[in-house]
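Here is my input; please provide its structure:
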Amino acid sequence: MTTPRTTALLFARAAAAAAGAALLAGCSAGPASAAPSTTTSPATTSAATGSASGGTGNRLDAAAERADASLVRRLFTQVFPAPSSAAAVRTAGRIVAPDAVFHGGESGPAGLLAAFRADHGRIAGAHAVVKHLAADGDLVAVHWQLTADVHDERQGEAAVDLFRVSGGRVVEHWSLAQPVATGKPASGNTNTMFSDLYQAPAAQRHPSERQEERNRRFAVSAYDTLFRDHDVSVLDRDFDPGYLQHNPVAPNGTAALKKLFGGGTGFPAQESVVSLSDGDLVWTFSRPVGASADSPFLAADLFRVDGGLIREHWDVVPPAAG
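The predicted structure follows:
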């Protein structure tokens, strides 16, 4: 929302890290919004506060999380469709705090409205189609498609926006985005960047708050083991061998990742600095190890966790700053 929508995909991300900068898949634009200042040790995170993973709210308060999720969803359903209208301006003023920090954009409700207007300016007849939404602690994350055709998942832009909510109002915001890949991918992967393909057993689709927290720690550990420590053995322990991949550059399954990380290329380490878990999805927001606290996010990744394994993956990867 607050930056131009940009592109770089999973293999591009790894190649970019090796080069120390983002490798763009055919287009360029601005960086992702700056990441919040957080620590990066999920193993010591308290479920009650979540402070070690970017959140400060109570991760076990389901009622508060539902209220925060509803609040943020209204931005997409009531403000986005006509951001210049008087009704949208009023609603944004009620939901967004006057001094809310919009990383990479203007503060307060004006920052949100300007970002939505820019979206409409880039895509005529734009719609915001929310694909996944998570609330955990004081954070709400939204995976959405910016598109002129709500029935076509192969056009427009893919975005993940992250909001911090306090006292019933949005007080902070970050965004990442990239154009939706078009054409026939060389990987042969025809999954869209948004679809839900894995079918979990009905009894496991709505885990408890405590199970969500266990899933979050599990997925963050798996992410850091692979992308920070470059330990490919985690793919055999924590990933379904046939896991479903929604990054069109990579095929389904773990074989491609094994080949990538086992190929001898020295990729600079990156790690999760903010994470959420809601339902069976875990969201991670990463940056290079050693990056400053106000550095842009490198990527947003979503993992579906079921039965102690990562079963499905989506991501949004903007180019690095510079």
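
what about P251, distance to P318?
According to CB to CB, to the nearest Å, P251 and P318 sit 23 Å apart. Yep, even glycine has a C-beta here, placed from its N, CA and C like the rest.

between those two, who's got more neighbours?
P318 (30 against 16; other CB atoms under 10 Å).

before we move on, what SS does that one have?
coil (DSSP: H, G, I helix; E, B strand; the rest coil).

and what of P207?
Under three-state DSSP, P207 falls in the coil class.

ok, now which ones touch it?
Contact analysis of P207 by CB atoms under 8 Å, 6 or more residues apart in numbering lists 215, 279-280.

Kindly state the pLDDT recorded for it?
pLDDT recorded at P207 is 90.

got it, and A25?
Predicted confidence (pLDDT) for A25: 30.

Any regions of the stretch 151-300 of the chain where pLDDT drops low?
Where the stretch 151-300 of the chain drops to pLDDT under 70, the residues are 202-204, 264-266.

let's see it at 90
181-189, 199-206, 248-250, 256-268, 293-296 (pLDDT under 90).

which stretches of it form helices?
Taking DSSP state H, counting those that start in this stretch, the helices of the stretch 151-300 of the chain run over residues 209-227, 234-238, 255-261.

got the phi/psi numbers for I310?
phi -80, psi 120 (degrees, to the nearest 10).

What's the local residue count around it?
Neighbour number of I310 under other CB under 10 Å is 23.

For it, name its beta-bridge partners.
Here I310 sits in beta bridges with F239, V305, as judged by DSSP bridges.

and it, what is it in contact with?
219, 222, 238-240, 243, 303-304.

Okay, it and L197: tell me how far apart.
14 Å.

circling back to that earlier point, in TSV, list the contacts of I310 along with distance to D294 and neighbour count.
Below are these laid out as TSV (distance: CB to CB, whole Å; neighbours: other CB atoms under 10 Å):
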residue	distance to D294	neighbour count
A219	25	26
A222	27	23
D238	31	21
F239	32	20
D240	36	19
Y243	33	20
F303	26	28
R304	31	24
